[in-house]
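Participant: Kindly return the folded structure for what I paste below:
(chains A and B)
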Protein chains: 2
Amino acid sequence: MKIGILGLGLIGGSLGYDLRSQGHYVLGVSRRDSTCQRAIALGSIDEASCNLSLLAAADIVFICTPIGLIVPQFKQLINHLSAATIVTDVGSVKAPIVKALAPLWENFVGGHPMAGTTDSGIEAAQRNLFVGRPYVLTPDATTPTTAIAILEEIVRSLGANIYYCQPEQHDRAVSWISHLPVMVSGSLIAACMGETDPQVLQLAKNLASTGFRDTSRVGGGNPELGVMMAQYNRQALLRSLQQYRHNLDEFINLIEQENWAALEQKFQSNQKVRPEFVE
Amino acid sequence: MKIGILGLGLIGGSLGYDLRSQGHYVLGVSRRDSTCQRAIALGSIDEASCNLSLLAAADIVFICTPIGLIVPQFKQLINHLSAATIVTDVGSVKAPIVKALAPLWENFVGGHPMAGTTDSGIEAAQRNLFVGRPYVLTPDATTPTTAIAILEEIVRSLGANIYYCQPEQHDRAVSWISHLPVMVSGSLIAACMGETDPQVLQLAKNLASTGFRDTSRVGGGNPELGVMMAQYNRQALLRSLQQYRHNLDEFINLIEQENWAALEQKFQSNQKVRPEFVE
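Facilitator: Residues are numbered from 1 along each chain as shown, chains lettered A, B, ... in the order given. This next block holds a predicted model:
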């Protein structure tokens, strides 16, 4: 199969490696010619261009640009495609993208491979990035079953675990387990910096260990990524933040009231349910 | 030197290993005879008893019981000691302990080795647990300098990094980097469980990855430990929690107002300061 990849970063580049090793012929498009050349040299793609017209030959196209570029790039891309071409994206928020693109292209299926590293760009791309990782697909009732079946077969060949859901369900789920943690963790670092005694602040920095390291990790990461989550998943994230604030207030109230039995029960419940999320 | 250890768990047992390897003679006291026998068999201590009178021969005693037992055990212990004996504790909160014990014993120096594992008990004890880890000492203006010097030399021999501060400064610092993260992380797990759509909740569990794993880790840990932090460091923790709530509200407001520039600035500041706490 001829497979197009628009956007040769971590996800696009990694897809290229795996799809080529499955015997597909991979066409890559990047805005920068240097990225095109590098992707070919690394063996991530077979053929490259800065021009979207290269993708006219593709049976299926993965849009792997930063999330803000998915919709505008898609609108240019479809001028070059035949109606039978399947288009999918890898954006980390689904409702706004599906809402914008599904009405424009019958063979569009929203997708989100939940794989990544802290690095980005073609140099960070790696083989087998998707093995054992979740890959969400969000077709709607009007999506042709053939398009879904073809995409599913390709995703399965990456070794990913496929989940089907509505775009809104995806966005609410990731607001809980991905976007809310970033805001919670970011508020922790910001709060510590509010300590007014410089000696205590310095001592806190000296004593910080694994507990602080883990809880503050995602809140001290890539600023653009944090803003992107809030921007594109604003509604679901605000809902999660309000629920979080409510739970935080409950913790504060229990501590103010010295209700240690109820506080212990909360921690016991946390300890019991956490393994249902992560090992 | 003859060194006594009261409480043969992770910290007491690990101290025993290192102090014996420094050539000290280590006397251990535990409430359980089986723990005494096990600590000797493992080579953590030289001599053991369930009776506090064993510690009468010690030049210095480390109280390594759970935090709630430090004050009552100390009050029994000093009946057996000569006035020259130095006493220190390893409790993770310092102000209430120092306030209770310093007036009762001239040669008392509060301490807190910031080392640990998720396991507990004598079986979890290990050699070199304190190497490169912070060890806080909280003497006051009336503490004899000889007692401080002797304790400092022993702590230094463990390979720990020593920090001196007031008990209240210690408690405020650990409320930021140890106790607040537990409440922040605990509220995250509790908030997620508030999702009312069972399909979204199940999807969130399926999609949870490293971000959720790290941010939720300390909030899904030992319930007794979480309650203990709140109970013994209540005042400093509440102060940190109020500051945290204020910062959380700022994040929420920026997202509500779609003030992406200010939100990005917050994340940029976080990314910049976090390495001052942890690598």
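Participant: right, and A:Val131 touches A:Arg156 too?
Facilitator: No. Using Cβ atoms under 8 Å, A:Val131 is not in contact with A:Arg156; the gap is 11.3 Å. (Glycine included, C-beta is placed from N, CA and C.)
Participant: quick one: pLDDT of the residue in the stretch 1-150 of chain A that chain B sits nearest to?
Facilitator: Closest approach between the stretch 1-150 of chain A and chain B, counting by Cβ to the nearest Cβ: A:Pro134, at 5.1 Å. Per-residue confidence at A:Pro134 stands at 97 (pLDDT).
Participant: State the phi and psi torsions of it.
Facilitator: With angles defined as degrees, to the nearest 10, A:Pro134 sits at phi -70, psi 150.
Participant: what's the nearest residue to it if we skip its chain neighbours?
Facilitator: A:Met114 (4.4 Å; Cβ to Cβ, 6 or more residues apart in numbering or on different chains).
Participant: same question, A:His112
Facilitator: Nearest non-adjacent residue to A:His112, counting by Cβ to Cβ, 6+ apart: A:Val136, 4.5 Å away.
Participant: Pairing partners for the helix or strand where that neighbour lies, with directions?
Facilitator: If you go by DSSP states H and E, A:Val136 is part of strand A:134-138. Using DSSP bridges, strand A:134-138 pairs in its sheet with strand A:108-113 (antiparallel), strand A:161-164 (parallel).
Participant: is the strand or helix carrying A:Leu248 anywhere near chain B?
Facilitator: Taking DSSP H and E as the definition, one finds A:Leu248 inside helix A:234-256. Yes. Contact between helix A:234-256 and chain B, assessed by Cβ under 8 Å from any Cβ of the partner chain, occurs at A:234, A:237-238, A:240-252, A:254-256.
Participant: A:His80 is in contact with A:Ser53, isn't it?
Facilitator: Yes. Proximity of A:His80 to A:Ser53 meets the contact threshold set by Cβ under 8 Å, at 5.1 Å.
Participant: Looking at these two, which one has more neighbours?
Facilitator: Higher neighbour count among A:His80 and A:Ser53: A:His80, with 17 against 12, using other Cβ atoms under 10 Å in any protein chain shown.
Participant: How many residues are close by A:Ala160?
Facilitator: Neighbours of A:Ala160 under the rule other Cβ under 10 Å: 22.
Participant: Need the phi and psi values for it.
Facilitator: For A:Ala160, the backbone dihedrals are phi -80, psi 160 (criterion: degrees, to the nearest 10).
Participant: For it, which non-adjacent residue is spatially closest?
Facilitator: Closest to A:Ala160 by Cβ to Cβ, 6+ apart is A:Tyr135, at 3.7 Å.
Participant: ok, for A:Leu27, nearest residue in space, not its chain neighbours?
Facilitator: A:Gly4 (4.7 Å).
Participant: That neighbour: which element?
Facilitator: Short version, using DSSP H and E: A:Gly4 is in strand A:2-6.
Participant: Could you check the angle the following helix or strand past that strand makes with strand A:108-113?
Facilitator: Scanning forward in sequence from strand A:2-6 by DSSP H and E, the next helix or strand is helix A:10-21. Angle, helix A:10-21 to strand A:108-113, by axes from the mean of the first three to the mean of the last three Cα atoms, to 10 degrees: 100 degrees.
Participant: Check which helices and strands helix A:10-21 is in contact with.
Facilitator: Using 3 or more Cβ pairs under 8 Å, 6 or more residues apart in numbering or on different chains; DSSP states H and E, the elements in contact with helix A:10-21 are strand A:2-6, strand A:25-29, helix A:33-42.
Participant: so how far is that helix from its chain's centroid?
Facilitator: 16 Å (Cα atoms, centre = their mean, to the nearest Å).
Participant: Stretch A:61-71 now?
Facilitator: That offset, for stretch A:61-71, works out to 12 Å (Cα atoms, centre = their mean).
Participant: quick one on the thing from earlier: how much does the strand holding A:Gly4 deviate in direction from helix A:33-42?
Facilitator: 140 degrees.
Participant: Quick check: buried residues in stretch A:96-104?
Facilitator: A:96-98, A:101-102 (16 or more other Cβ atoms under 10 Å in any protein chain shown).
Participant: What are the contacting residues of that stretch?
Facilitator: A:67, A:70-71, A:74-75, A:78, A:87, A:89, A:91, A:108, A:110, A:138, A:140, A:142-143, A:167, A:232 (Cβ atoms under 8 Å, 6 or more residues apart in numbering or on different chains).
Participant: Can you show me the helices along the stretch 101-250 of chain A?
Facilitator: Ranges of helices in the stretch 101-250 of chain A, per DSSP state H, counting those that start in this stretch, are A:145-157, A:167-174, A:180-192, A:198-207, A:210-216, A:223-232, A:234-256.
Participant: Would you mind pulling up the elements that the longest one packs against?
Facilitator: Where contact means 3+ Cβ pairs under 8 Å, 6+ apart, helix A:234-256 is packed against helix A:167-174, helix A:180-192, helix A:260-277, helix B:180-192, helix B:234-256.
Participant: Kindly recompute the last result at 7 Å.
Facilitator: helix A:180-192, helix A:260-277, helix B:180-192, helix B:234-256 (3 or more Cβ pairs under 7 Å, 6 or more residues apart in numbering or on different chains; DSSP states H and E).
Participant: which other residues reach that helix?
Facilitator: A:171-172, A:175-176, A:179-180, A:183-184, A:229-230, A:262-263, B:183, B:186-188, B:190-191, B:194, B:230, B:234, B:237-238, B:241, B:245, B:248, B:252, B:255-256 (Cβ atoms under 7 Å, 6 or more residues apart in numbering or on different chains).
Participant: If any of those residues are buried, give me the ChimeraX selection for them.
Facilitator: Those of those that count as buried under 16+ other Cβ under 10 Å are selected in ChimeraX with:
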select /A:171,172,175,176,179,180,183,184,229,230,263 /B:183,186,187,188,190,191,230,234,237,238,241,245,248,252,255
